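Q: What shape does this take:
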Amino acid sequence: MFLANSRYAKVATVETATSTGEQVVALKLRRLTPATGEPQVVQSGDRLDLYAHAINGDATQFWHVADANSALDGRTLVEQPGDTLDVPRG
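A: Prediction:
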């Protein structure tokens, strides 16, 4: 259902019914594993995939940076130059 490196790859699923009675499969709520990181000051043009590539050489792991900052929309973390975000190591 998801790529092996997706943040959702190992999330359990449940079957449930919608308000119209249609049976659907949904993901269970994913619990974030506490993560710490090194504070970084956001520069103009920064992107989470670039941080991920710098950390572990895999830009598709950008969601680790988002998780370390409890962000639902990771883009908000790099919108404002001068803001600070935590970047996990390895």
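Q: In this protein, where is pLDDT below threshold?
A: Along the chain, segments meeting pLDDT under 70 span 90.
Q: ranges for the strands of it?
A: Using DSSP state E, the strands of the chain run over 13-17, 23-27, 38-41, 84-87.
Q: Same list, those strands, but as CSV with distance to residue 6 please.
A: No exception for glycine: its C-beta is placed from N, CA and C like everyone else's. Below are the strands of the chain laid out as CSV (distance: least, Cβ to Cβ, whole Å):
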stretch, distance to residue 6
strand 13-17, 13
strand 23-27, 11
strand 38-41, 24
strand 84-87, 20
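Q: Among these, which comes closest to residue 57?
A: Closest to residue 57 of the strands of the chain is strand 84-87 (Cβ to Cβ; 14.3 Å).
Q: Now do the same contact list for the nearest residue to residue 58 once chain neighbours are set aside.
A: Nearest residue to residue 58 in three dimensions, chain neighbours excluded: residue 52, at 6.3 Å (Cβ to Cβ, 6 or more residues apart in numbering). Residues counted as contacts of residue 52 (Cβ atoms under 8 Å, 6 or more residues apart in numbering) are 58-62, 64-65.
Q: what's the answer for residue 70, then?
A: residue 32.
Q: again with the one 10 residues further on
A: Each residue near residue 80 by Cβ under 8 Å, 6+ apart is listed here: residue 42.
Q: ok so, going back, winner for burial among the strands of the chain?
A: Highest mean neighbour count among these (mean count of other Cβ atoms under 10 Å): strand 84-87, with a mean of 17.
Q: centroid residue for this structure?
A: Nearest residue to the geometric centre of the chain (Cα atoms, centre = their mean): residue 63, 2.6 Å.
Q: Wait, it touches residue 73, no?
A: No - assessed by Cβ atoms under 8 Å, residue 63 is found out of contact with residue 73, at 11.3 Å.
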